[in-house]
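Visitor: build the 3D model from these lines:
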Amino acid sequence: QVQLVESGGGLGQAGGSLRLSCAGSGRTFSTYAMGWFRQAPGKEREFVANIGYRGSPIMFADDVKGRFTISRDNAKNTVWLQMNSLKPEDTAVYYCAARYRVISRRWDEYDYWGQGTQVTVFS
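Guide: Numbering: from 1, shown residues only. Modelled structure (predicted):
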């Protein structure tokens with residue numbers, strides 16, 4: 001079982017940067033593909049980025065490609081989402097999620113979820 005805790009959310013100015021962290025517990029963290037998803041008020045949860053359990057492959061949603069990066073350090077049981085060139089439409093609750101071995105863009109295929117962290121981008 002994996003427990004996930006996100007941090008690093010908050011207020012960000014349009015054009016600025018924020019870095020989200022997701023700390024996982026358990027010795028099996030390195031066997032899980034990790035994903036970041038977000039949900040804005042009144043909208044469905046959507047895929048943002050993911051990373052394979054060994055650090056590849058990596059995938060991004062089209063609207064964050066070139067602005068966001070994802071990375072992980074299995075020795076630290078942590079995955080990060082670096083968000084640059086922020087836009088007001090990036091405002092959402094961001095969740096990290098873990099899926100055993102297999103990477104996916106579908107949120108309903110992930111096994112474990114963090115509690116979420118709010119990101120608010122103002123212009």
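
Visitor: name the nearest residue to the residue nearest the centre of the chain, sequence neighbours excluded.
Guide: Central residue check for the chain by CA atoms, centre = their mean: the C-alpha nearest the mean position is that of residue 36, 2.4 Å away. Taking CB to CB, 6 or more residues apart in numbering, and ignoring the residues beside it in sequence, residue 36 has residue 48 as its nearest neighbour in space, at 4.3 Å. C-beta coordinates here come from the backbone N, C-alpha and C atoms, glycine included.

Visitor: cool, and residue 102?
Guide: If you skip the residues right next to it in sequence, residue 102 has residue 33 as its closest partner in space, 6.1 Å away by CB to CB, 6+ apart.

Visitor: go ahead and confirm the one you found touches residue 99.
Guide: Yes: A contact is recorded between residue 33 and residue 99 when judged using CB atoms under 8 Å, the distance being 4.9 Å.

Visitor: quick one: which of the two has more around it?
Guide: Applying other CB atoms under 10 Å to residue 33 and residue 99 shows that residue 33 carries more neighbours, namely 23 against 20.

Visitor: neighbouring strands - and their directions - for the strand or helix carrying the more buried one?
Guide: For residue 33, the enclosing helix or strand under DSSP states H and E is strand 32-39. For strand 32-39, sheet partners with direction are given as strand 46-51 (antiparallel), strand 92-100 (antiparallel), following DSSP bridges.

Visitor: in TSV, list these along with distance to residue 9.
Guide: Listed next are these as TSV, based on distance: least, CB to CB, whole Å:
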stretch	distance to residue 9
strand 46-51	13
strand 92-100	6
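
Visitor: residue 27 is nearest to which of those strands?
Guide: Taking CB to CB as the criterion, strand 92-100 is the member of the strands paired with strand 32-39 that comes nearest to residue 27, at 13.3 Å.
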